[in-house]
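Chemist: after the sequence you'll find the predicted model.
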Amino acid sequence: MELTLTEQDAAHWVYRGEGAANIVVSYTGSSPSFIGKVMRIRKSPRKASTLPGVRNTIALSSHERLIWQEVHKLISSSDKEIAGQLYVDHVMKPLLGSKYVDAGTHILVTKEFLKTVEKNVDSQRPAWRVDVSQVDKQCDFALLMSDHSIFPHDGQGSSHSISVEIKPKCGFLPLSTFISEGTAIKKKITRFEMHQALKLQRGEISQRSVYNPLDLFSESKERVHKAIKNLFTTPQNNFRVFLNGSLTLGGLGGGAESTDACMAKVLEDELHSVIQAGDGQCTENLFTLVTEAVQKSGVLNQLLEVQKLDRFDVEGAIHAYYNIIFQQCKVCKELNKEQAKAYTSLHSASLEESLRIIKDYLIAATAKDCSLMICFRPRKENDSGSSYNTVYLESTKQAFDYKVHFIDLDLKRLNKVEEYYELDKKIVSCYKQMNKIDDGRNEDAKLQGPEVTNQQGSEAANLQGPKVANLQGSEVTNLQGPKVPNLQGPEVAY
Ligand SMILES: O=P(O)(O)O[C@@H]1[C@@H](OP(=O)(O)O)[C@H](OP(=O)(O)O)[C@H](O)[C@H](OP(=O)(O)O)[C@H]1OP(=O)(O)O
Ligand SMILES: Nc1ncnc2c1ncn2[C@@H]1O[C@H](COP(=O)(O)OP(=O)(O)OP(=O)(O)O)[C@@H](O)[C@H]1O
Ligand SMILES: [Zn+2]
C-alpha cells in the first residue's frame, strides 16, 4: 500500500456502480498500474444507524474472532476492511475456486481524493442511494481490483467485449427440519420470489421479477436460458449488461425497471458491434452465450454448494447464534416448554458445533448475495493460443473467449443474524398475506415449532400433518458434518 492517490488523481476515476455498501469507480487514465482496474470505495450512512446495508466498520468482535479462529490472518487483523479482504482471499476463494475470485489489494487514498471522487460521481448515483449514503471519508484506503467487465489489453481477441453481471441470489429450497409449520412454505417457494412481495409492498420495486433462481441453478440448458431471458425482462438489481465496460442494460448503482421495447432495441443495436447476427437476433444470441458459459464453467454448481452450507436455515441457526453470544435465546423465550423442546438439541450443542453452524451460515449468506460477471470477446480468426476458455456460437459461427468472476464476496457480520431471522419472518408473512395463503392452523401453532419434515413427501403433508418434534431425524444428529465442501481438493484452510 505504498502509493497514495491524491486529489489530482481523482479526475481519472469515473462512476461504475454501487451497492448498499460500496461505490465502484473505474479508471480512465493512462497509468499502467491502473489501466483495466476498478476501485471499490467504502460508503457510510448519512445518518447514523439509518442504513443497515452500509458496512459496519468496527473490527471483528470477540464472538466473530471465535467463529473465524481457524483463519489466523483474518482474526489478527484489527481493521474490518482488511479482515474483509482476507476473508475473500482465505475463506471464499478456496471454496469458490481461485480462478473465479479476485480479492483485490488495498491502496491508500487521501481525504481530498475521496471528496473529489464523490463530487464527480454524485450526479450519476441513484438519488435514493445519495440520500442515504456517502463516500466514507474517514477511510484512508480503497480496494483496487481488476475490471471484470472487460478483458485486459493483451493483443489477443477483439478489443470489443460484452459482459453480463448476474446476482443469482439463493438457488435452492431449504429442507431444514427446524423450519416451523407457519413458515413451511419456504420449502416450496423460493426466498427470492417471496421477497418480491415484501419489496413490492415497501415500494422498493414496481413490478415482480419473473426470474426464478431455481431455473438458473438447474443445470438444464432450457431452464438456464429461460432464467437469463427472464433476468433480461425484469433485471431489477439482478442483471446488467456492459458493452466495453459501459452499462447498456440494467440499473446503474441499483435496481432497474422492467425492460421495455425501447431498452431492448438499444441493447440489440449495441450488440451488433460484437455479435455478427441478423437483426433481432443479437440479444437472443447473448442469452445463448451466457447459457453456454454458465454450463461449461460449472461455476454455479460451485456457488450452490457453498450456499447450501446453510443447512439449518435461519430458524435453526438463530439458536446456535444465542449459544455463541452466551445469551438466553430470544426465540425459545417466547415458546412454551413443549414447543421449545424442538430446539433443545441445538441448545445442547457444544460451542464448537454452534460455531461451525454459524460460520457455515455466514459463508452461505455471502454466497447468496454475491454477483457473477461473465465477460465475452470474439476470438480473432486463427487465434489458437488464447489462454481463455471458449464458447462457440453455432448460429453466427463465432468463437468467443469468456471469463467468469465472482464479485461482492463480503463478510457478513454476526450481529446481522437477528435481523436475518426477523426479515425471514416478514418475507414469509408478507408473501402469505399478499397471496391470501392461510394454512388453516390456529395462531399459536403458526407461531413457532418446527414442522414435521417430510423431505421426500409432498408439501401438503407437511402443511397439514400434526406437529411432531422429530429430534431423531433432525440435522442435529449430524452436527459435526457434513464438512465445508472442499471443492478445490485439499482441506480448506480456514
Ligand atoms: O437480505 P437480502 O437478500 O435482501 O440481501 C441484501 C441485498 O438485497 P437484495 O435482496 O439482493 O436486493 C442488498 O442489495 P441492495 O442494497 O438491495 O442492492 C445488499 O447486498 C445486502 O448486503 P449488505 O447489507 O450490503 O451486506 C443484502 O443483505 P444480506 O442479507 O446479504 O446481508
Ligand atoms: N471487479 C469489478 N469489475 C467490474 N465491475 C465491478 C467490479 N466490482 C464491482 N463492480 C460493479 O460495481 C457494482 C457495485 O459493486 P458491489 O456489488 O461490490 O457493491 P456493494 O456495495 O458491495 O454491493 P451490495 O449491495 O451487494 O453489498 C457492481 O454491481 C458491479 O456492477
Ligand atoms: Zn432457542
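Modeler: Right, received. Where do you want to start? Ligands and ions are numbered 1, 2, ... in the order given.
Chemist: can we go C-alpha only for contacts and neighbour counts from here?
Modeler: Fine.
Chemist: contact partners for the closest residue to residue 5 other than its chain neighbours?
Modeler: Among residues not flanking residue 5 along the chain, residue 109 sits closest, at 4.7 Å (C-alpha to C-alpha, 6 or more residues apart in numbering). With contact set as C-alpha atoms under 8 Å, 6 or more residues apart in numbering, residue 109 has these partners: 4-6, 140-142.
Chemist: if any of those are buried, put those into a PyMOL selection.
Modeler: Of the contacts of residue 109, the buried ones go into a single PyMOL selection, burial set by 16 or more other C-alpha atoms under 10 Å:
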select buried, resi 5+140+141+142
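Chemist: strands of the stretch 251-400 of the chain, residue ranges please.
Modeler: 371-378, 389-393, 398-407 (DSSP state E, counting those that start in this stretch).
Chemist: who does the residue nearest to residue 292 when sequence neighbours are not counted bridge with?
Modeler: Leaving aside its chain neighbours, residue 292 sits nearest to residue 391 (6.6 Å; criterion: C-alpha to C-alpha, 6+ apart). Beta-bridge pairing for residue 391 (DSSP bridges): residue 400.
Chemist: what count of nearby residues applies to residue 391?
Modeler: By the measure other C-alpha atoms under 10 Å, the count of residues near residue 391 is 21.
Chemist: nearest to ligand 2: which residue in the chain?
Modeler: residue 19 (3.1 Å; C-alpha to the nearest ligand atom).
Chemist: for residue 27, see how far away that residue is.
Modeler: Taking C-alpha to C-alpha, to the nearest Å as the measure, residue 19 falls 19 Å from residue 27.
Chemist: check residue 365 too.
Modeler: With C-alpha to C-alpha as the criterion, residue 365 and residue 27 are 30 Å apart.
Chemist: so between these two, which is more surrounded?
Modeler: Per other C-alpha under 10 Å, whichever of residue 365 and residue 27 has more neighbours is residue 365, with 24 against 21.
Chemist: quick check: chain neighbours aside, which residue is closest to the residue nearest the centre of the chain?
Modeler: Of all residues in the chain, the one closest to the mean position by C-alpha atoms, centre = their mean is residue 369, 1.7 Å from it. Leaving aside its sequence neighbours, residue 369 sits nearest to residue 169 (C-alpha to C-alpha, 6+ apart; 5.6 Å).
Chemist: report pLDDT for the nearest residue to residue 219 once chain neighbours are set aside.
Modeler: Nearest residue to residue 219, sequence neighbours excluded (C-alpha to C-alpha, 6+ apart): residue 295, at 6.7 Å. The per-residue pLDDT reported for residue 295 equals 96.
Chemist: rewinding a little: closest to residue 283 out of the strands of the stretch 251-400 of the chain?
Modeler: strand 389-393 (12.6 Å; C-alpha to C-alpha).
Chemist: quick one: the closest one to chain centroid distance?
Modeler: Per C-alpha atoms, centre = their mean, to the nearest Å, the displacement of strand 389-393 from the mean C-alpha position of its chain is 26 Å.
Chemist: swap in stretch 81-88?
Modeler: Chain-centre distance of stretch 81-88: 16 Å, with C-alpha atoms, centre = their mean.
Chemist: dump that stretch to CSV, restricted to CA.
Modeler: Coordinates of each C-alpha in stretch 81-88 appear next as CSV, following Å, rounded to 0.1, in the frame of the first residue of the first chain:
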residue,chain,number,x,y,z
GLU,A,81,-12.0,-3.7,5.8
ILE,A,82,-8.7,-5.6,5.8
ALA,A,83,-10.4,-8.5,7.5
GLY,A,84,-13.0,-8.4,4.7
GLN,A,85,-10.4,-8.7,2.0
LEU,A,86,-8.6,-11.5,3.9
TYR,A,87,-12.0,-13.3,4.2
VAL,A,88,-12.4,-13.2,0.4
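Chemist: what's the mean pLDDT across it?
Modeler: The model assigns stretch 81-88 a mean pLDDT of 88.
Chemist: burial count for the residue nearest to residue 219?
Modeler: 19.
Chemist: just residue 371 next, same as before
Modeler: By other C-alpha under 10 Å, the residues close to residue 371 number 20.
Chemist: before we move on, back to that, from residue 410, how far off is the residue of the chain closest to ligand 2?
Modeler: Applying C-alpha to C-alpha, the value for residue 19 to residue 410 is 12 Å.
Chemist: of those two, who's got more company?
Modeler: Taking neighbours as other C-alpha under 10 Å, residue 19 and residue 410 compare with residue 410 leading, 22 against 17.
Chemist: close enough to count as contact, that one and residue 88?
Modeler: Yes - between residue 410 and residue 88 there is a contact under C-alpha atoms under 8 Å: 7.0 Å.
Chemist: pull the distance from the helix or strand containing residue 120 to the chain's centre.
Modeler: Counting by DSSP states H and E, the element that carries residue 120 is helix 111-121. Remark: helix 111-121 is offset 28 Å from the chain centroid, using C-alpha atoms, centre = their mean.
Chemist: buried residues in that helix, which are they?
Modeler: Residues of helix 111-121 classed as buried: 111-118, 121 (neighbour count, 16+ other C-alpha under 10 Å).
Chemist: picking up where we left off before, looks like the residue nearest to residue 219 contacts residue 218 (just checking).
Modeler: No - between residue 295 and residue 218 there is no contact under C-alpha under 8 Å: 9.9 Å.
Chemist: ok, back up a step: which residues does the residue of the chain closest to ligand 2 contact?
Modeler: For residue 19, the contacting residues are 253-254, by C-alpha under 8 Å, 6+ apart.
Chemist: give me the pLDDT for it.
Modeler: Taking residue 19 on its own, its pLDDT is 92.
Chemist: equivalent analysis for residue 279, please.
Modeler: For residue 279, the predicted pLDDT is 76.
Chemist: what's the neighbour count on it?
Modeler: If you count neighbours by other C-alpha under 10 Å, residue 279 ends up with 10.
Chemist: how about residue 62?
Modeler: Residue 62: 10 surrounding residues under other C-alpha under 10 Å.
Chemist: now it: how far from ligand 1?
Modeler: According to C-alpha to the nearest ligand atom, to the nearest Å, residue 62 and ligand 1 sit 20 Å apart.
Chemist: thank you kindly, that will do.
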